[in-house]
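Peer 1: turn this into a model:
(one chain, ligands or ions: 3)
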Amino acid sequence: MDAFASLLAFVACASAHGGVLYYANGGNWYDGWQPYNTPTGQTSIQRPWSSYNPIQDATDPTIGCNDDGTAGALQLTATVAAGSDITAYWNQWPHPTGPVMTYLADCGGDCTSVNSNTAKWFKIQEAGLINGTVASGTWAAGVMAAGNSSWTTTIPATVPSGNYLIRFETIALHSMPAQFYPECAQIEITGGGSLQPTAAELVSLPGAYSNTDPGVNINLYSEEATTETCYQIPGPPLYGSDDKVATCGSTTTTPPPPSSTSSSGTAPTSTGSSGSSGGGSIPQFGQCGGTGWTGSGSCASPYTCQVQNTYYSQCL
Ligand SMILES: *[C@@H]1O[C@H](CO)[C@@H](O)[C@H](O)[C@H]1NC(C)=O
Ligand SMILES: *[C@@H]1O[C@H](CO)[C@@H](O)[C@H](O)[C@H]1NC(C)=O
Ligand SMILES: [Cu+2]
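Peer 2: Numbering: from 1, shown residues only. Ligands and ions are numbered 1, 2, ... in the order given. Have a look, this model is predicted:
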(Lines give C-alpha, C1' and ligand atoms only; values in the text may rest on other atoms or scores of the structure.)
(Ligands and ions follow the chains in the order given, each with its own letter.)
Protein backbone atom coordinates (compact mmCIF):
# COMPACT_ATOMS: atom_id res chain seq x y z
CA MET A 1 0.00 0.00 0.00
CA ASP A 2 1.45 3.40 -0.89
CA ALA A 3 1.52 6.25 1.57
CA PHE A 4 -1.62 7.89 0.22
CA ALA A 5 -3.62 4.67 0.36
CA SER A 6 -2.51 3.97 3.90
CA LEU A 7 -3.46 7.51 4.89
CA LEU A 8 -6.92 6.92 3.42
CA ALA A 9 -7.18 3.65 5.28
CA PHE A 10 -6.21 5.39 8.49
CA VAL A 11 -8.82 8.13 8.01
CA ALA A 12 -11.54 5.61 7.18
CA CYS A 13 -10.61 3.57 10.22
CA ALA A 14 -10.57 6.59 12.53
CA SER A 15 -13.93 7.79 11.31
CA ALA A 16 -15.44 4.36 11.86
CA HIS A 17 -14.76 4.40 15.58
CA GLY A 18 -15.05 7.12 18.16
CA GLY A 19 -15.03 8.81 21.50
CA VAL A 20 -16.63 11.60 23.52
CA LEU A 21 -15.89 15.14 22.33
CA TYR A 22 -18.19 17.29 24.51
CA TYR A 23 -20.27 17.17 27.68
CA ALA A 24 -23.29 19.19 28.77
CA ASN A 25 -24.78 19.61 32.24
CA GLY A 26 -27.12 22.15 33.78
CA GLY A 27 -26.90 24.54 30.84
CA ASN A 28 -23.10 24.40 30.76
CA TRP A 29 -21.15 23.11 27.81
CA TYR A 30 -17.75 21.49 28.34
CA ASP A 31 -15.18 20.66 25.72
CA GLY A 32 -13.99 17.08 25.80
CA TRP A 33 -10.56 15.89 24.78
CA GLN A 34 -9.52 16.34 21.15
CA PRO A 35 -7.26 13.34 20.51
CA TYR A 36 -5.87 14.51 17.20
CA ASN A 37 -4.91 17.99 18.39
CA THR A 38 -1.71 18.54 20.30
CA PRO A 39 -2.20 17.82 24.02
CA THR A 40 -0.18 20.96 24.81
CA GLY A 41 -2.47 23.60 26.22
CA GLN A 42 -5.66 21.51 26.05
CA THR A 43 -7.94 22.14 29.01
CA SER A 44 -10.82 19.74 29.46
CA ILE A 45 -12.91 18.04 32.12
CA GLN A 46 -12.31 14.86 30.15
CA ARG A 47 -9.39 12.60 30.88
CA PRO A 48 -7.00 12.66 27.89
CA TRP A 49 -7.42 9.75 25.51
CA SER A 50 -5.16 8.87 22.67
CA SER A 51 -7.22 7.05 20.11
CA TYR A 52 -10.61 6.59 18.48
CA ASN A 53 -9.70 2.95 18.09
CA PRO A 54 -11.57 0.37 20.09
CA ILE A 55 -10.20 -1.75 22.91
CA GLN A 56 -10.73 -5.35 21.92
CA ASP A 57 -9.77 -7.16 25.10
CA ALA A 58 -11.99 -6.97 28.19
CA THR A 59 -8.90 -7.14 30.42
CA ASP A 60 -6.87 -4.49 28.58
CA PRO A 61 -5.04 -2.11 30.99
CA THR A 62 -6.61 0.88 29.23
CA ILE A 63 -10.21 -0.30 29.66
CA GLY A 64 -10.78 2.07 32.58
CA CYS A 65 -10.62 5.37 30.73
CA ASN A 66 -9.15 4.61 27.28
CA ASP A 67 -5.82 5.93 28.58
CA ASP A 68 -2.99 5.20 30.97
CA GLY A 69 -5.18 6.15 33.92
CA THR A 70 -3.77 9.60 34.58
CA ALA A 71 -5.21 13.11 34.41
CA GLY A 72 -4.27 15.77 31.86
CA ALA A 73 -1.63 18.42 32.58
CA LEU A 74 -4.33 21.13 32.70
CA GLN A 75 -7.13 18.87 33.90
CA LEU A 76 -10.45 20.57 34.75
CA THR A 77 -13.33 19.35 36.88
CA ALA A 78 -17.02 20.21 36.27
CA THR A 79 -19.38 20.92 39.15
CA VAL A 80 -22.49 18.81 38.71
CA ALA A 81 -25.59 18.73 40.92
CA ALA A 82 -26.81 15.36 42.17
CA GLY A 83 -30.07 14.58 40.42
CA SER A 84 -29.10 16.51 37.29
CA ASP A 85 -28.58 15.15 33.81
CA ILE A 86 -25.18 14.94 32.18
CA THR A 87 -24.90 14.34 28.44
CA ALA A 88 -21.87 12.98 26.61
CA TYR A 89 -21.60 13.87 22.91
CA TRP A 90 -19.68 11.38 20.81
CA ASN A 91 -18.36 11.91 17.31
CA GLN A 92 -20.77 10.68 14.62
CA TRP A 93 -21.45 7.30 16.18
CA PRO A 94 -21.21 4.49 13.60
CA HIS A 95 -21.95 1.32 15.60
CA PRO A 96 -25.66 0.81 16.40
CA THR A 97 -25.43 -2.61 18.09
CA GLY A 98 -24.42 -2.84 21.74
CA PRO A 99 -25.06 -1.60 25.28
CA VAL A 100 -24.38 1.82 26.79
CA MET A 101 -23.39 2.19 30.42
CA THR A 102 -22.39 4.93 32.84
CA TYR A 103 -20.20 4.46 35.91
CA LEU A 104 -18.95 6.65 38.76
CA ALA A 105 -15.84 6.27 40.94
CA ASP A 106 -15.39 8.23 44.16
CA CYS A 107 -11.92 9.81 44.12
CA GLY A 108 -11.91 10.44 47.88
CA GLY A 109 -10.63 13.98 47.20
CA ASP A 110 -9.36 15.74 44.08
CA CYS A 111 -9.49 13.28 41.19
CA THR A 112 -6.52 14.77 39.39
CA SER A 113 -4.04 12.72 41.41
CA VAL A 114 -6.08 9.53 41.11
CA ASN A 115 -5.11 6.85 38.61
CA SER A 116 -8.34 5.42 37.22
CA ASN A 117 -6.86 1.92 37.28
CA THR A 118 -6.98 2.05 41.09
CA ALA A 119 -10.53 3.46 41.23
CA LYS A 120 -13.56 1.53 42.44
CA TRP A 121 -16.41 1.96 39.99
CA PHE A 122 -20.15 1.57 40.38
CA LYS A 123 -22.65 1.54 37.56
CA ILE A 124 -25.38 4.18 37.67
CA GLN A 125 -27.08 3.50 34.36
CA GLU A 126 -27.23 0.79 31.75
CA ALA A 127 -29.23 0.02 28.66
CA GLY A 128 -28.76 -2.95 26.36
CA LEU A 129 -31.16 -4.55 23.92
CA ILE A 130 -34.15 -2.18 23.82
CA ASN A 131 -36.51 -4.36 21.81
CA GLY A 132 -36.50 -7.11 19.23
CA THR A 133 -33.88 -9.84 18.88
CA VAL A 134 -30.14 -9.88 19.38
CA ALA A 135 -29.75 -10.25 15.61
CA SER A 136 -32.02 -7.47 14.42
CA GLY A 137 -33.42 -5.54 17.40
CA THR A 138 -32.83 -1.99 18.56
CA TRP A 139 -29.88 -1.51 20.88
CA ALA A 140 -28.98 1.35 23.22
CA ALA A 141 -26.03 2.20 20.97
CA GLY A 142 -28.48 2.57 18.08
CA VAL A 143 -30.58 4.96 20.15
CA MET A 144 -27.38 6.88 20.89
CA ALA A 145 -26.44 7.00 17.20
CA ALA A 146 -29.92 8.21 16.25
CA GLY A 147 -29.94 10.74 19.10
CA ASN A 148 -27.26 13.09 17.75
CA SER A 149 -24.61 10.59 18.91
CA SER A 150 -25.28 11.62 22.50
CA TRP A 151 -26.13 9.83 25.71
CA THR A 152 -27.75 11.36 28.79
CA THR A 153 -27.43 9.98 32.30
CA THR A 154 -29.02 11.28 35.49
CA ILE A 155 -26.60 11.56 38.40
CA PRO A 156 -28.58 9.71 41.09
CA ALA A 157 -29.79 12.09 43.81
CA THR A 158 -28.72 9.46 46.35
CA VAL A 159 -25.00 9.57 45.46
CA PRO A 160 -22.93 11.23 48.22
CA SER A 161 -21.39 14.61 47.35
CA GLY A 162 -17.72 14.62 46.40
CA ASN A 163 -15.22 14.28 43.57
CA TYR A 164 -15.84 11.52 41.08
CA LEU A 165 -14.68 10.16 37.79
CA ILE A 166 -17.63 9.60 35.48
CA ARG A 167 -17.20 6.94 32.83
CA PHE A 168 -19.44 6.68 29.77
CA GLU A 169 -19.01 3.48 27.82
CA THR A 170 -20.46 1.74 24.84
CA ILE A 171 -19.53 -1.75 23.67
CA ALA A 172 -19.88 -2.36 19.93
CA LEU A 173 -20.96 -5.91 19.15
CA HIS A 174 -21.00 -5.87 15.35
CA SER A 175 -17.75 -7.80 15.17
CA MET A 176 -15.85 -10.24 17.35
CA PRO A 177 -14.06 -9.67 19.61
CA ALA A 178 -16.35 -6.97 21.00
CA GLN A 179 -15.12 -3.36 20.87
CA PHE A 180 -15.02 -1.35 24.10
CA TYR A 181 -15.21 2.45 23.99
CA PRO A 182 -14.77 3.86 27.52
CA GLU A 183 -14.46 7.62 28.15
CA CYS A 184 -13.94 9.41 31.47
CA ALA A 185 -14.36 12.92 32.86
CA GLN A 186 -13.83 14.54 36.24
CA ILE A 187 -16.84 15.93 38.10
CA GLU A 188 -17.58 17.25 41.56
CA ILE A 189 -21.06 16.20 42.65
CA THR A 190 -22.85 18.67 44.92
CA GLY A 191 -26.05 18.38 46.93
CA GLY A 192 -25.82 14.60 47.00
CA GLY A 193 -27.44 11.97 49.19
CA SER A 194 -26.08 9.33 51.53
CA LEU A 195 -26.41 6.00 49.73
CA GLN A 196 -22.95 4.44 49.41
CA PRO A 197 -22.57 1.71 46.81
CA THR A 198 -22.35 -1.77 48.30
CA ALA A 199 -19.26 -3.96 48.06
CA ALA A 200 -20.99 -6.07 45.41
CA GLU A 201 -21.63 -2.99 43.29
CA LEU A 202 -18.00 -1.77 43.34
CA VAL A 203 -15.60 -3.06 40.70
CA SER A 204 -12.19 -2.36 39.22
CA LEU A 205 -11.54 -1.71 35.54
CA PRO A 206 -9.77 -3.73 34.35
CA GLY A 207 -11.33 -6.46 36.47
CA ALA A 208 -15.09 -6.16 36.04
CA TYR A 209 -15.24 -7.71 32.59
CA SER A 210 -14.00 -10.94 31.10
CA ASN A 211 -13.71 -11.96 27.47
CA THR A 212 -16.05 -14.89 28.17
CA ASP A 213 -18.87 -12.79 29.67
CA PRO A 214 -22.07 -13.66 27.77
CA GLY A 215 -22.57 -9.98 26.96
CA VAL A 216 -19.03 -9.72 25.54
CA ASN A 217 -18.52 -13.04 23.77
CA ILE A 218 -21.64 -12.73 21.65
CA ASN A 219 -22.22 -13.40 17.97
CA LEU A 220 -24.99 -11.26 16.49
CA TYR A 221 -24.96 -13.33 13.32
CA SER A 222 -25.57 -16.73 14.89
CA GLU A 223 -28.72 -18.82 14.48
CA GLU A 224 -29.68 -18.32 18.17
CA ALA A 225 -29.38 -14.55 17.80
CA THR A 226 -32.35 -14.52 15.43
CA THR A 227 -34.69 -15.62 18.24
CA GLU A 228 -32.87 -14.48 21.40
CA THR A 229 -34.51 -11.42 22.98
CA CYS A 230 -32.41 -11.22 26.15
CA TYR A 231 -28.98 -9.67 26.47
CA GLN A 232 -26.94 -9.72 29.65
CA ILE A 233 -25.17 -6.38 30.10
CA PRO A 234 -21.60 -6.92 31.38
CA GLY A 235 -20.32 -5.59 34.68
CA PRO A 236 -21.64 -5.28 38.22
CA PRO A 237 -25.26 -4.94 39.33
CA LEU A 238 -26.66 -1.45 39.00
CA TYR A 239 -26.11 0.89 41.96
CA GLY A 240 -28.94 0.41 44.42
CA SER A 241 -29.84 -2.96 42.99
CA ASP A 242 -29.75 -6.24 44.88
CA ASP A 243 -29.86 -8.40 41.81
CA LYS A 244 -28.62 -8.25 38.30
CA VAL A 245 -31.47 -7.37 35.95
CA ALA A 246 -31.40 -8.86 32.49
CA THR A 247 -32.53 -6.57 29.73
CA CYS A 248 -34.75 -8.44 27.38
CA GLY A 249 -36.25 -5.54 25.50
CA SER A 250 -38.43 -3.03 27.31
CA THR A 251 -41.41 -5.32 27.49
CA THR A 252 -39.66 -7.86 29.70
CA THR A 253 -37.50 -5.68 31.93
CA THR A 254 -38.29 -7.20 35.27
CA PRO A 255 -37.86 -5.31 38.52
CA PRO A 256 -36.21 -7.28 41.31
CA PRO A 257 -38.71 -8.68 43.83
CA PRO A 258 -39.57 -6.20 46.58
CA SER A 259 -37.25 -6.70 49.54
CA SER A 260 -38.84 -5.88 52.88
CA THR A 261 -35.51 -6.19 54.70
CA SER A 262 -33.31 -3.93 52.59
CA SER A 263 -35.71 -0.99 52.57
CA SER A 264 -35.96 -1.13 56.40
CA GLY A 265 -39.43 0.23 56.49
CA THR A 266 -38.82 3.38 54.48
CA ALA A 267 -41.04 3.51 51.49
CA PRO A 268 -39.54 5.00 48.34
CA THR A 269 -40.46 8.70 48.19
CA SER A 270 -41.43 8.24 44.61
CA THR A 271 -41.64 5.29 42.34
CA GLY A 272 -42.89 7.16 39.34
CA SER A 273 -45.97 5.91 37.61
CA SER A 274 -44.57 2.47 36.98
CA GLY A 275 -45.85 0.89 33.84
CA SER A 276 -48.17 3.74 33.02
CA SER A 277 -47.97 5.12 29.54
CA GLY A 278 -46.32 8.31 28.28
CA GLY A 279 -47.67 11.77 27.73
CA GLY A 280 -45.02 13.47 29.88
CA SER A 281 -41.70 14.97 29.00
CA ILE A 282 -39.04 12.73 30.58
CA PRO A 283 -37.00 11.29 27.71
CA GLN A 284 -36.07 7.67 27.09
CA PHE A 285 -33.60 6.47 29.75
CA GLY A 286 -34.36 9.51 31.93
CA GLN A 287 -34.97 8.89 35.63
CA CYS A 288 -38.64 8.87 36.59
CA GLY A 289 -38.64 7.48 40.12
CA GLY A 290 -36.83 5.79 42.97
CA THR A 291 -35.94 6.54 46.58
CA GLY A 292 -34.74 10.10 46.91
CA TRP A 293 -35.93 11.13 43.50
CA THR A 294 -37.60 14.49 43.78
CA GLY A 295 -38.38 15.13 40.14
CA SER A 296 -41.84 15.32 38.73
CA GLY A 297 -43.55 14.38 35.53
CA SER A 298 -43.96 11.25 33.51
CA CYS A 299 -42.30 9.62 30.56
CA ALA A 300 -42.57 11.06 27.09
CA SER A 301 -44.65 8.92 24.77
CA PRO A 302 -44.22 6.03 23.98
CA TYR A 303 -41.99 5.26 26.97
CA THR A 304 -43.14 4.00 30.33
CA CYS A 305 -41.60 4.33 33.74
CA GLN A 306 -39.98 1.01 34.64
CA VAL A 307 -38.64 0.15 38.07
CA GLN A 308 -34.96 -0.88 37.85
CA ASN A 309 -34.53 -1.17 41.60
CA THR A 310 -35.72 0.54 44.79
CA TYR A 311 -33.60 3.56 44.03
CA TYR A 312 -33.99 3.98 40.33
CA SER A 313 -36.77 3.91 37.79
CA GLN A 314 -36.21 4.99 34.23
CA CYS A 315 -38.26 5.70 31.12
CA LEU A 316 -37.95 2.78 28.72
C1 LIG B 1 -37.70 -0.23 19.38
O2 LIG B 1 -37.13 0.87 20.09
C3 LIG B 1 -36.84 1.99 19.26
C4 LIG B 1 -36.12 3.01 20.14
O5 LIG B 1 -36.88 3.33 21.25
C6 LIG B 1 -38.10 2.54 18.63
O7 LIG B 1 -37.80 3.64 17.80
C8 LIG B 1 -38.75 1.43 17.82
O9 LIG B 1 -39.99 1.89 17.33
C10 LIG B 1 -38.98 0.21 18.68
N11 LIG B 1 -39.45 -0.87 17.84
C12 LIG B 1 -40.44 -1.66 18.22
C13 LIG B 1 -40.80 -2.74 17.25
O14 LIG B 1 -41.06 -1.55 19.27
C1 LIG C 1 -25.65 17.69 18.44
O2 LIG C 1 -24.35 17.51 18.94
C3 LIG C 1 -23.45 18.58 18.70
C4 LIG C 1 -22.11 18.19 19.28
O5 LIG C 1 -21.61 17.04 18.68
C6 LIG C 1 -23.96 19.85 19.33
O7 LIG C 1 -23.11 20.93 19.02
C8 LIG C 1 -25.37 20.14 18.86
O9 LIG C 1 -25.88 21.24 19.58
C10 LIG C 1 -26.26 18.94 19.06
N11 LIG C 1 -27.56 19.19 18.49
C12 LIG C 1 -28.69 19.08 19.19
C13 LIG C 1 -29.94 19.36 18.42
O14 LIG C 1 -28.70 18.76 20.36
CU1 LIG D 1 -15.45 1.47 15.01
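Peer 1: please name the nearest non-neighbouring residue to the residue of the chain found nearest ligand 3.
Peer 2: Across the chain, the shortest distance to ligand 3 (C-beta to the ion) belongs to His17, at 3.3 Å. Backbone N, C-alpha and C define where each C-beta goes, glycine included. Closest residue to His17 in three dimensions, ignoring its sequence neighbours and counting by C-beta to C-beta, 6 or more residues apart in numbering: Tyr52, at 4.3 Å.
Peer 1: thought that neighbour was touching Trp33?
Peer 2: No: Tyr52 is beyond contact range of Trp33, at 11.2 Å (criterion: C-beta atoms under 8 Å).
Peer 1: of the two, who's got more company?
Peer 2: Neighbours were counted for Tyr52 and for Trp33 using other C-beta atoms under 10 Å; Trp33 has more, 24 against 18.
Peer 1: wait, a strand at that one?
Peer 2: No: when classified by DSSP: H, G, I helix; E, B strand; the rest coil, Trp33 is found to be coil rather than part of a strand.
Peer 1: what does the protein put close to ligand 2?
Peer 2: 22, 89, 148 (C-beta under 6 Å from any ligand atom).
Peer 1: just want the residue of the stretch 201-316 of the chain that's nearest ligand 2.
Peer 2: Using C-beta to the nearest ligand atom, Pro283 is the residue of the stretch 201-316 of the chain that sits closest to ligand 2, at 11.9 Å.
Peer 1: you'd agree that residue is up against Ser298?
Peer 2: No: counting by C-beta under 8 Å, Pro283 sits too far from Ser298 to count as a contact (11.6 Å).
Peer 1: tell me where the stretch 151-300 of the chain has strands.
Peer 2: Taking DSSP state E, counting those that start in this stretch as the criterion, the stretch 151-300 of the chain contains strands spanning 162-172, 179-190, 287-289.
Peer 1: identify, out of those, the most deeply packed stretch.
Peer 2: Mean neighbour count (mean count of other C-beta atoms under 10 Å) peaks for strand 287-289 among the strands of the stretch 151-300 of the chain, with a mean of 28.
Peer 1: related to what we said a few turns ago, okay if I get the residues of the chain next to ligand 2 as JSON lines plus neighbour count?
Peer 2: Below are the residues of the chain next to ligand 2 laid out as JSON lines (neighbours: other C-beta atoms under 10 Å):
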{"residue": "Tyr22", "neighbour count": "17"}
{"residue": "Tyr89", "neighbour count": "17"}
{"residue": "Asn148", "neighbour count": "12"}
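Peer 1: mind checking which of these land in strands?
Peer 2: 22, 89 (DSSP state E).
Peer 1: which residues outside stretch 55-68 are in contact with it?
Peer 2: Residues outside stretch 55-68 that contact it (C-beta atoms under 8 Å, 6 or more residues apart in numbering): 19, 47-51, 116-117, 119, 165, 167, 177-184, 205-207, 209-211, 213, 216, 234.
Peer 1: buried sites along that stretch?
Peer 2: Neighbour-count burial for stretch 55-68, counted by 16 or more other C-beta atoms under 10 Å, picks out 55, 57-58, 60, 62-67.
Peer 1: first-to-last residue distance for it?
Peer 2: 13 Å (C-alpha to C-alpha, to the nearest Å).
Peer 1: hmm, that stretch touching ligand 3?
Peer 2: No: Stretch 55-68 stays clear of ligand 3 (C-beta under 5 Å from the ion), getting no nearer than 10.4 Å.
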